[in-house]
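**Student:** I'll drop the sequence and a predicted model, then ask my questions.
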Amino acid sequence: MSEAPRPSRMRAQGARVRGVLGSWDVIVLLAVVAVAVVGSLSIDGVSSPRFWRFVTLEAVPILLIALPMTLVVITGEIDLSVASVLGLSCTVLGKLWASGVTSLPLLIAACLVLGGLLGAVNGLFITGFGLPSLAVTIGTLAMYRGLAYVVLGDKAVADYPASWTTSAIKPIHGTTIPWVILVVAALAIVFGVVLHATPVGRGLYAIGNNAEAARFAGISVRLTKFWLFVATGAMSALAGVFWTLRFASARADNGTGIELAVVAAVLLGGVSIFGGRGGLLGVLAAVALLGVLRNALQLADVPANTLTIITGSLLIASVVGPNVAGRLRERLRRRRPIAPTLSHTT
């Protein structure tokens, strides 16, 4: 019977621990803890329940959009029209309410259908005509935002029932955390299971690594990508519903710029911009990191322009950092001498 020497076993366990602690997801989670601790010690109000309530409320629309965006980016595509889909959904909800539609479930359903259709337009141009997603969604970003101004112009619809607006921000009993985060958590579990525990998720990684090879393996690359854009549109519309109810206002400029926060969270969470790599846990941690950092700096009276610069810098770092780290690891691996293998038999 052969048994590995004790030092070898300890080295193997140490390597596994270092692998876990060195994973990008854990690094981002540790960064969240570090920012929260430093902020609590140096900035008044960061440790208060009110602060975490605002962090959660601001994270909800970003999380809703980041869930499907993660899957889109893993396949090697991107959707920059999400903020405009959110804004157009807000204006349609406001227009329908002003026109006499008073059923909230009906309004939500209408917005979800609209978002899915807008996402389908993106998917059709990208998968049907073979156009690059970056160019297509930049175009629809402008087009959908323009349509939002056509629907409502510069007006705002704000006369919603208090029961609607308070329900969007109502806290969980005994806490200050809004109950809507439970809905987001349930959706995150669904997306996480699909991505990490089903053949569909394995197919998404295969598409991102090599779309041609995935096609030869029997995966419907075009159809898969099409439905991902539909899902992204629908989730962006759901974020628009939440946005409207939270702020009790439907405006054409709602959600402007939120696509930057979504893309930054996805890439900072370890999803490769080139596709084929990444996971949902890191993205969730990155949303938390950006939310805590942004709100803490706002409490410290940091100007809004500086916050945008910081978000943009993190976006660049999220693209450059993992690639540099990967190259360094590969270089160290090549330089590491190969230890001789000894067998011990008892």
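**Tutor:** Noted; the coordinates are in hand. Residues are numbered from 1 along each chain as shown.
**Student:** And the residue nearest the centre of the chain?
**Tutor:** With distances taken as C-alpha atoms, centre = their mean, the residue of the chain nearest its centroid is residue 66 (2.0 Å).
**Student:** Point out the other helices and strands that the helix or strand where that residue lies packs with.
**Tutor:** Following DSSP states H and E, one finds residue 66 within helix 49-74. Counting contacts by 3 or more C-beta pairs under 8 Å, 6 or more residues apart in numbering; DSSP states H and E, helix 49-74 packs against helix 82-98, helix 180-197, helix 199-209, helix 221-247, helix 258-268, helix 280-299. Every C-beta, even on glycine, is put in place using the N, C-alpha and C of the backbone.
**Student:** Identify whichever of these lies nearest to residue 48.
**Tutor:** helix 280-299 (9.6 Å; C-beta to C-beta).
**Student:** which element follows that closest one toward the C-terminus?
**Tutor:** Counting by DSSP H and E, what follows helix 280-299 is helix 304-335.
**Student:** Packing partners of that next one?
**Tutor:** Going by 3+ C-beta pairs under 8 Å, 6+ apart, helix 304-335 lies up against helix 258-268, helix 280-299.
**Student:** So which bits of the last one are buried?
**Tutor:** By that I understand helix 280-299. Neighbour counts over helix 280-299 (16 or more other C-beta atoms under 10 Å) mark 280-298 as buried.
**Student:** Kindly report the same for the shortest one.
**Tutor:** Residues of helix 258-268 classed as buried: 258, 259, 261, 262, 263, 264, 265, 266, 267, 268 (neighbour count, 16+ other C-beta under 10 Å).
**Student:** can you list those residues in JSON lines and add distance to residue 234?
**Tutor:** Shown next, in JSON lines, are the buried residues of helix 258-268 (distance: C-beta to C-beta, whole Å):
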{"residue": "258", "distance to residue 234": "16"}
{"residue": "259", "distance to residue 234": "16"}
{"residue": "261", "distance to residue 234": "19"}
{"residue": "262", "distance to residue 234": "15"}
{"residue": "263", "distance to residue 234": "19"}
{"residue": "264", "distance to residue 234": "22"}
{"residue": "265", "distance to residue 234": "19"}
{"residue": "266", "distance to residue 234": "18"}
{"residue": "267", "distance to residue 234": "22"}
{"residue": "268", "distance to residue 234": "24"}
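**Student:** what's near enough to touch residue 231?
**Tutor:** Neighbouring residues of residue 231 by C-beta atoms under 8 Å, 6 or more residues apart in numbering: 68, 71, 116, 119.
**Student:** low-confidence ranges in the protein?
**Tutor:** Applying pLDDT under 70 to the chain flags residues 1-22, 322-323, 325-326, 329, 336-346.
**Student:** hmm, 50 instead?
**Tutor:** Low-confidence segments of the chain (pLDDT under 50): 1-2, 12, 14-22, 345-346.
**Student:** Give me every residue in contact with stretch 53-63, excluding its own residues.
**Tutor:** Outside stretch 53-63, the residues touching it (C-beta under 8 Å, 6+ apart) are 86, 169, 171, 176-178, 180-181, 184, 188, 239-240, 242-243, 246, 255, 258, 261-262, 265, 284, 287-288, 290-292, 294-295.
**Student:** hmm, I was thinking of stretch 75-82
**Tutor:** By C-beta under 8 Å, 6+ apart, stretch 75-82 touches 65, 69, 72, 118-119, 122, 126, 133-134, 137-138, 140-141, 144, 204, 207-208, 211, 224-225, 228-229, 232-233, 236, 239, 258-259, 262-263, 273-276.
**Student:** Please check those residues and keep the buried ones.
**Tutor:** 65, 69, 72, 118-119, 122, 126, 133, 137, 140-141, 144, 204, 207-208, 211, 224-225, 228-229, 232-233, 236, 239, 258-259, 262-263, 273, 275-276.
**Student:** roughly how far out does stretch 296-315 sit from the chain middle?
**Tutor:** 19 Å (C-alpha atoms, centre = their mean, to the nearest Å).
**Student:** just stretch 271-281 next, same as before
**Tutor:** Distance, stretch centre to chain centre, for stretch 271-281: 11 Å (C-alpha atoms, centre = their mean).
**Student:** Repeat that for stretch 56-76.
**Tutor:** 2 Å.
**Student:** Put the alpha carbons of that stretch into PDB.
**Tutor:** Output of stretch 56-76 as PDB, limited to C-alpha atoms (Å, rounded to 0.1, in the frame of the first residue of the first chain):
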ATOM      1  CA  THR A  56     -28.900  47.800  -1.100                       C
ATOM      2  CA  LEU A  57     -31.500  50.000  -2.900                       C
ATOM      3  CA  GLU A  58     -28.900  51.200  -5.400                       C
ATOM      4  CA  ALA A  59     -27.600  47.700  -6.000                       C
ATOM      5  CA  VAL A  60     -31.000  46.300  -6.900                       C
ATOM      6  CA  PRO A  61     -31.200  47.600 -10.600                       C
ATOM      7  CA  ILE A  62     -27.500  47.000 -11.200                       C
ATOM      8  CA  LEU A  63     -27.900  43.400  -9.900                       C
ATOM      9  CA  LEU A  64     -31.000  42.800 -12.000                       C
ATOM     10  CA  ILE A  65     -29.100  43.800 -15.200                       C
ATOM     11  CA  ALA A  66     -25.800  42.200 -14.200                       C
ATOM     12  CA  LEU A  67     -27.300  38.700 -13.900                       C
ATOM     13  CA  PRO A  68     -28.100  38.200 -17.600                       C
ATOM     14  CA  MET A  69     -25.200  40.500 -18.600                       C
ATOM     15  CA  THR A  70     -22.800  38.000 -17.000                       C
ATOM     16  CA  LEU A  71     -24.100  35.300 -19.300                       C
ATOM     17  CA  VAL A  72     -23.900  37.600 -22.300                       C
ATOM     18  CA  VAL A  73     -20.300  38.500 -21.700                       C
ATOM     19  CA  ILE A  74     -19.300  34.900 -21.000                       C
ATOM     20  CA  THR A  75     -20.400  34.100 -24.600                       C
ATOM     21  CA  GLY A  76     -18.100  36.900 -25.900                       C
END
